[in-house]
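Q: Model the following, please.
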Amino acid sequence: MTPELMVESRSLLDAPPSSHPGLWERAAILLARQALEESLDDFWLARSPDLLHASMRAQLLCLGPLMNNDHDAAQVAQLWGALSDACHFNTYQPTPSPSEVHTWLDQTECFCALLARKAGRTVAHT
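A: Down below sits the predicted model:
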């Protein structure tokens with residue numbers, strides 16, 4: 001399902017419906033976060049199924065040792081945090097720019113593919 005989420009995410013960003021400007025960037029971000037979370041679920045299913053039901057904070061803390069790569073795990077955690085923050089409406093913060101969202105989408109696709117490889121699976125790159 002992850003590749004489909006990323007395709008839909010890019011579609012919302014690149015060709016948003018005309019109604020409710022600013023809403024579609026956040027919808028694209030939400031879909032990207034969902035794709036990342038699904039990739040994490042697949043990773044845990046393959047590597048440590050007990051962590052499937054742990055909080056996201058606990059999952060992200062355990063990711064480095066199970067990936068054998070603390071640097072990439074920290075970047076996944078940072079990306080998940082950025083996506084989560086951007087999903088929430090805050091009247092004091094502007095909507096993320098399309099270029100910022102594109103960067104997050106690119107990072108999400110890379111990390112989803114990395115998690116799939118670490119789980120022994122392959123993911124079609126969009």
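
Q: I'd guessed Cys112 sits against Leu40; true?
A: No. The criterion here is CB atoms under 8 Å, and Cys112 misses it with Leu40 at 9.1 Å. C-beta here means a position set from N, CA and C on the backbone, and glycine is covered the same way.

Q: For the protein, which segments are assigned as helices?
A: 2-14, 23-47, 56-67, 70-87, 98-118 (DSSP state H).

Q: same question for the second one, mean pLDDT?
A: Which is helix 23-47. If you average the pLDDT over helix 23-47, you get 92.

Q: So which of Cys112 and Leu40 has more stuff around it?
A: Taking other CB atoms under 10 Å, Cys112 and Leu40 do not tie; Cys112 has more neighbours (27 against 22).

Q: Do you know the pLDDT at that one?
A: 95.

Q: and if you look at His125?
A: 51.

Q: cool, and Trp104?
A: At Trp104, pLDDT is 95.

Q: Can you tell me how far it is from Pro65?
A: Trp104 is 25 Å from Pro65, where distance means CB to CB, to the nearest Å.

Q: One more: Leu12?
A: 35 Å.

Q: More neighbours: the two, which one.
A: Leu12 (20 against 11).

Q: Identify the residues contacting that one.
A: Trp24, Glu25, Ala27, Ala28, Leu31 (CB atoms under 8 Å, 6 or more residues apart in numbering).

Q: Give me the neighbour count for the last one.
A: To tie it back to what came earlier, the one meant is Leu31. Leu31: 24 neighbours (other CB under 10 Å).

Q: How many residues are close by Thr103?
A: If we define neighbours as other CB under 10 Å, then Thr103 has 14 of them.

Q: What distance do you get for it to Ala82?
A: On the measure of CB to CB, Thr103 and Ala82 end up 10 Å apart.

Q: mind listing what's buried in stretch 96-108?
A: Pro96, Val101, Trp104, Leu105, Gln107, Thr108 (16 or more other CB atoms under 10 Å).

Q: Chain neighbours aside, what residue packs nearest to the fourth one?
A: Yep, that's Leu105 we're talking about. Among residues not flanking Leu105 along the chain, Ala32 sits closest, at 5.4 Å (CB to CB, 6 or more residues apart in numbering).
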